[in-house]
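Q: Return a 3D structure for these sequence lines:
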Amino acid sequence: MSAPVRLGAVAIGRNEGQRLERCLDALLAQGLATVYVDSGSTDGSREAARRRGVEVVELDLSLPFTAARARNAGFERLLELHPAVEFVQFVDGDCELVPDWIERGLAALLAEPDLVAVCAQRKERFPEASPWNRLCDLEWDTPVGEAEACGGDALYRRSALEAVGGFDPRLIAGEEPELCFRLRRQGGRIRRLPGLITWHDAAMTRFGQWWRRTKRSGHAAAEAWDLHGRGGQRAMVRIAASALAYALALPLLTLAGGLALWAAGWPLWPAPLALGLAYGRLVSKVRTQRLARGDSPGAAGLYARYTFLGKFAETAGILSYWKHRLLRRRAGLIEYK
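A: Below is the predicted model:
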């Protein structure tokens, strides 16, 4: 009789092609019982998974799709097939686990019972393919140690996931930090370990892809603030507050100041000058911070400029969320691929 399976994995994706094949091969190479959840692929993804002996769950597309719903469906099927599973690795279909990750992640969870999730740094497979891929690679450079949240690639303790009811299927973005918030609220700890967890392939070749991806972050931040308030997901609240300050409040204050100057018969130029100085200070501050972290001058400048532009994309996502919320309409998925 074979030993019970303690480790499992859930991969989700749609039309990821070779990226999915690398993802599944890496999971199987580390001995993980794997479930793949497909959301309507037309590129042979389901067939590629089945050829590898991977269990495939075809998501019911008559219901609104969210990544959270896909992750939950995979988790449920994994437990049906392997009831003894104690630890679950979630991974996006465009990511590939590095060979030693499961050994490192599992060792951390086994050593500390109150540790409920562990992750590590992603790296882009093709950072030089475009400026937007490069931005992703810089974005993944996150601090090691105790963390508020993990992203889409993380190893979780099964009992902790079940205790909080898994991912919130209503969320169209930001389901991972929201789950981590609830895990921490129950007393669990989350840690980002040294080293890599996955290679990621953003495949962003157009500015519009970057804009939609950043807009999605703003939508997620607004929803997190709405769900849990200012005292909840602090990182998400900071994202929303900063975006609104730079992309909405400052321009409105500039307009009000310009009108006041005009009404008083003064020149208008001090108002836009002040706005430009505020934006320039933001770019300079972010560039200095990135240089201090070891980025090259070119990379630091790229990150700083797009941090500034990102405030406007995030604000578009925030306003989109509240428009749908006030009109009582369900927001559609914001995809960038």
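
Q: isn't residue 84 right up against residue 33?
A: No: counting by C-beta atoms under 8 Å, residue 84 sits too far from residue 33 to count as a contact (10.0 Å). Every C-beta, even on glycine, is put in place using the N, C-alpha and C of the backbone.

Q: Which of those two has more residues huddled nearby?
A: A direct count of neighbours by other C-beta atoms under 10 Å for residue 84 and residue 33 places residue 33 higher, at 18 against 11.

Q: Show me where this structure has its strands.
A: In the chain, the strands defined using DSSP state E lie at 7-13, 33-38, 55-58, 87-92, 95-97, 115-124, 145-146, 154-157, 189-200.

Q: So which other helices or strands are in contact with the first one?
A: Going back to what we said before, that points to strand 7-13. helix 18-29, strand 33-38, helix 67-81, strand 87-92 (3 or more C-beta pairs under 8 Å, 6 or more residues apart in numbering; DSSP states H and E).

Q: now those in a markdown table, with distance to residue 233?
A: Listed next are the helices and strands packed on strand 7-13 as a markdown table, based on distance: least, C-beta to C-beta, whole Å:
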| stretch | distance to residue 233 |
| --- | --- |
| helix 18-29 | 28 |
| strand 33-38 | 25 |
| helix 67-81 | 15 |
| strand 87-92 | 19 |
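
Q: quick one: which of the ones you listed is nearest residue 252?
A: Residue 252 sits nearest to helix 67-81 of all these, at 34.1 Å, using C-beta to C-beta.

Q: Pop the domain breakdown of the chain in here.
A: Following automatic domain parsing, one gets these domains for the chain: 7-205, 234-326.

Q: what does the average pLDDT come to for the last one?
A: Okay, so that is domain 234-326. Averaged across domain 234-326, pLDDT comes to 94.

Q: And it, end to end?
A: One end of domain 234-326 sits 23 Å from the other (C-alpha to C-alpha, to the nearest Å).

Q: and if you look at the longest one?
A: For domain 7-205, the separation between the terminal residues is 36 Å (C-alpha to C-alpha).

Q: Not counting sequence-adjacent ones, nearest residue to residue 151?
A: residue 176 (5.5 Å; C-beta to C-beta, 6 or more residues apart in numbering).

Q: tell me the contacts of that neighbour?
A: 149-152, 154, 167 (C-beta atoms under 8 Å, 6 or more residues apart in numbering).

Q: before we move on, back to that, make TSV from the helices and strands packed on strand 7-13 and add mean pLDDT and distance to residue 246 to it.
A: Shown next, in TSV, are these (pLDDT from 0 to 100; distance: least, C-beta to C-beta, whole Å):
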stretch	mean pLDDT	distance to residue 246
helix 18-29	96	34
strand 33-38	97	37
helix 67-81	96	28
strand 87-92	97	29
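
Q: Out of these, flag the one nearest residue 315.
A: Comparing those by C-beta to C-beta, helix 67-81 comes nearest, at 22.9 Å.

Q: That closest one - contacts with which helices or strands?
A: strand 7-13, strand 33-38, strand 55-58, strand 87-92, helix 175-185.

Q: What are the buried residues along that helix?
A: Buried residues in helix 67-81, defined by neighbour count with 16 or more other C-beta atoms under 10 Å: 67-75, 77-79.

Q: and if you look at stretch 198-206?
A: 198-204.

Q: now the residues you listed as a markdown table including distance to residue 132?
A: Shown next, in a markdown table, are these (distance: C-beta to C-beta, whole Å):
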| residue | distance to residue 132 |
| --- | --- |
| 198 | 18 |
| 199 | 17 |
| 200 | 13 |
| 201 | 12 |
| 202 | 7 |
| 203 | 10 |
| 204 | 4 |
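
Q: Just give me the closest of the residues you listed to residue 109.
A: Distances from residue 109 to these, taken by C-beta to C-beta, are shortest for residue 198, at 17.4 Å.

Q: Specify the beta-bridge partners of that closest one.
A: When assigned by DSSP bridges, residue 198 has beta-bridge partners residue 97, residue 122.
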